[in-house]
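Colleague: A structural model of the following input is requested.
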Amino acid sequence: MFKKKIAWLFAVSFIFNLGIINSATAVSEIRIGHIGPTTGWATIFGEGVLNGINLALEEYNYEFNGVPIKVFSEDTKADVEVMRTKLDSLKNRDKVHLIIGPSLGHEGMAAVDWGARNPEVPMLIGYSAPEDITMRNATFSVIRPGWTGAQVIFNFGQFCAKDLGYKKVIIVGQDYSYPWDQAAGFIRGFLENGGEKVERIWHPVEAVDFSSIMAKLMGMAKEYDAVLNNSGGAQVVAFFKQWKQFGLDKIYPQILGQANVPIVPMLTELGDSALGVYSSLHYYDGNPSEANQKFRESFNKKYGHYPDVISVQGYDAVHVAFKAMKAIDGQVDDPQKFITALRQVKMSADESPRGPFYFDKYANPVQNIYIKKVVKKDGRLMNEAVKTYQNVSQFGPYADMADKYMAAPATTRDYPPGDKASYFKEIEKYFGKDYVEKLEKNKGWVD
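Modeller: Numbering: from 1, shown residues only. Here you go, the predicted structure:
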């Protein structure tokens with residue numbers, strides 16, 4: 001009788017301990033949803049994130065502590081209404097424990113609204129960059145292991161004013177929210193560090209004929225120092241082609257690029273016309289770090305081409321998820337515990353191709369921002385960093401004044417003002433006279 005009791009206790013103990021060792025077996029399968037455009041004009045954004053997700057999961061053999069991981073991918077077709085339906089399907093039909101995505105600006109703002117209404121589903125934003133996802137509209141369940149349009153370009157404005165010595169710049173860009181954010185971030189960095197004026201010229205999103213804009217740029221050349229192309233995709237290729245056709249490469253000393261202008265897929269399209277182009281971002285393909293070299297070679301081996309920053313977002317999202325799962329012993333069926341762990345993740349330079357980052361209290365990364373220049377190395381065009389700004393918040397130089405920054409009007413096509421006098425008058429309303437006087441005394445931000 002005693003021996004039978006001991007055997008029974010041993011069996012119960014074994015089963016209990018097995019559960020503790022395999023605490024991730026609170027679920028029999030970890031289900032990850034991906035949302036983004038995988039067909040149509042924006043395929044590069046959804047597909048890029050998905051490729052990064054699958055590469056990272058392959059490194060883990062699609063399992064966590066022996067528990068299999070399954071990916072459910074849904075195509076938004078770059079349509080917000082379609083995306084909302086697909087998000088509902090991932091939650092209700094597929095019962096995912098985590099959603100990664102979306103990747104477009106207008107999708108991101110709709111997704112954060114969905115996240116506020118579905119707080120039990122953790123969401124790691126893909127490539128979507130509007131500020132208010134993790135600012136004015138921030139919600140606890142939505143974490144962005146990516147960037148904001150302004151975050152990656154504040155310091156580029158500073159660089160163009162202080163390091164390149166420009167006083168007046170023209171921005172030519174697509175007329176929608178993401179380029180507006182990029183323009184706003186650049187304007188702040190430029191005007192607060194010695195620049196005098198930024199002129200904005202907007203064009204329809206799908207425009208490819210820039211002849212009238214080129215003629216206008218020719219007439220403005222004597223007054224302005226440089227032009228910043230603030231478009232993406234086919235519009236960039238058309239702009240660069242016509243820039244050269246009109247001879248503007250001989251009139252202006254420099255063409256600058258917004259974050260997405262010289263990313264890897266675009267370099268193939270632009271060819272040598274991209275050489276020398278300056279831009280800024282939280283990742284650059286020429287980063288010599290071991291983590292980035294491993295990422296690039298593994299990606300190239302799997303997909304037959306080198307990765308871009310879009311794929312980094314999916315790749316990093318998975319690694320963030322794994323660090324969070326380790327912290328909670330795989331209890332992904334406890335959403336609040338999972339979300340809390342996700343927000344507390346810190347990534348080192350050895351773990352991410354972009355470099356180290358951690359999340360601020362609004363769940364957006366504080367990370368390095370790189371000023372990049374396109375060069376040719378071993379016969380291949382790539383970006384190399386010419387300057388690094390470390391630990392940059394989504395609020396940029398206003399990290400200690402986040403509430404004041406968010407109290408100011410949200411970015412529009414015309415806000416903030418582009419001339420120095422009007423701009424300084426405007427920021428004094430929100431940051432105070434002392435802030436403006438300090439800028440004038442220090443001749444800009446103090447690094």
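
Colleague: Show me how the chain divides into domains.
Modeller: 23-147+288-366, 154-286+369-442 (automatic domain parsing).

Colleague: Dump these into JSON lines; add mean neighbour count as well.
Modeller: Placement of C-beta: from N, CA and C, glycine included. Converted to JSON lines, those look like this (neighbours: other CB atoms under 10 Å):
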{"stretch": "domain 23-147+288-366", "mean neighbour count": "20"}
{"stretch": "domain 154-286+369-442", "mean neighbour count": "19"}
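
Colleague: what's the helix or strand for residue 280?
Modeller: Element membership of residue 280, judged by DSSP states H and E, is strand 278-281.

Colleague: mind checking how far that strand is from the chain centre?
Modeller: 13 Å (CA atoms, centre = their mean, to the nearest Å).

Colleague: now stretch 221-237
Modeller: Using CA atoms, centre = their mean, the offset of stretch 221-237 from its chain centre is 21 Å.

Colleague: hmm, who's touching it?
Modeller: 41, 44, 160, 164, 166-174, 179, 182-183, 186, 199, 203, 205-208, 217, 239-240, 248, 251-258, 260-261, 266, 269-270 (CB atoms under 8 Å, 6 or more residues apart in numbering).

Colleague: so how far does that stretch reach from one end to the other?
Modeller: 22 Å (CA to CA, to the nearest Å).

Colleague: Kindly report the same for stretch 395-411.
Modeller: 13 Å.

Colleague: helices or strands next to the strand holding residue 280 in the packing?
Modeller: Counting contacts by 3 or more CB pairs under 8 Å, 6 or more residues apart in numbering; DSSP states H and E, strand 278-281 is packed against helix 154-162, strand 255-257, strand 365-377.

Colleague: Select, out of those, the one closest to residue 56.
Modeller: strand 365-377 (16.7 Å; CB to CB).

Colleague: For the stretch 101-250 of the chain, which segments count as strands?
Modeller: 123-124, 142-143, 168-174, 197-203, 226-230 (DSSP state E, counting those that start in this stretch).

Colleague: picking that back up, now tabulate the domains of the chain in TSV and tack on mean pLDDT.
Modeller: Formatted as TSV, these follow (pLDDT from 0 to 100):
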stretch	mean pLDDT
domain 23-147+288-366	96
domain 154-286+369-442	96
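
Colleague: Just the helices from the stretch 201-350 of the chain, written as ranges.
Modeller: 211-220, 234-245, 264-270, 290-303, 309-327, 335-343 (DSSP state H, counting those that start in this stretch).

Colleague: Which one, of the ones you listed, ends up nearest to residue 36?
Modeller: helix 309-327 (9.0 Å).

Colleague: chain center to that closest one: distance?
Modeller: 13 Å.

Colleague: likewise stretch 358-377?
Modeller: With CA atoms, centre = their mean, you get 8 Å for stretch 358-377.

Colleague: do the same with stretch 182-191
Modeller: That offset, for stretch 182-191, works out to 17 Å (CA atoms, centre = their mean).

Colleague: Can you tell me what sits against that stretch?
Modeller: 149-161, 166, 169, 171, 173, 197-198, 200, 228, 230, 258-259, 396-397, 411, 415-418, 420, 423-424, 445.

Colleague: and if we set it to 7 Å?
Modeller: 149-150, 153-158, 160-161, 169, 171, 173, 198, 200, 228, 230, 258-259, 396, 411, 416, 418, 420, 423 (CB atoms under 7 Å, 6 or more residues apart in numbering).

Colleague: Ok, stretch 54-61 next?
Modeller: 69, 71, 298-299, 302, 315, 318-319, 322.

Colleague: Stretch 384-393 now?
Modeller: Contacts for stretch 384-393 (CB under 7 Å, 6+ apart): 151, 155, 159, 284, 286, 360, 366-373, 375, 399.

Colleague: Looking at those, which two lie furthest apart in space?
Modeller: 360 and 375 (32.6 Å).

Colleague: Give the full set of residues in contact with the residue nearest to residue 263 when sequence neighbours are not counted.
Modeller: The shortest distance from residue 263 to any non-neighbouring residue, by CB to CB, 6 or more residues apart in numbering, is to residue 308 (4.7 Å). Neighbour list for residue 308: 48, 263-265 [criterion: CB under 7 Å, 6+ apart].

Colleague: and with 8 Å instead?
Modeller: With CB under 8 Å, 6+ apart, residue 308 has these contacts: 48, 263-265, 285.
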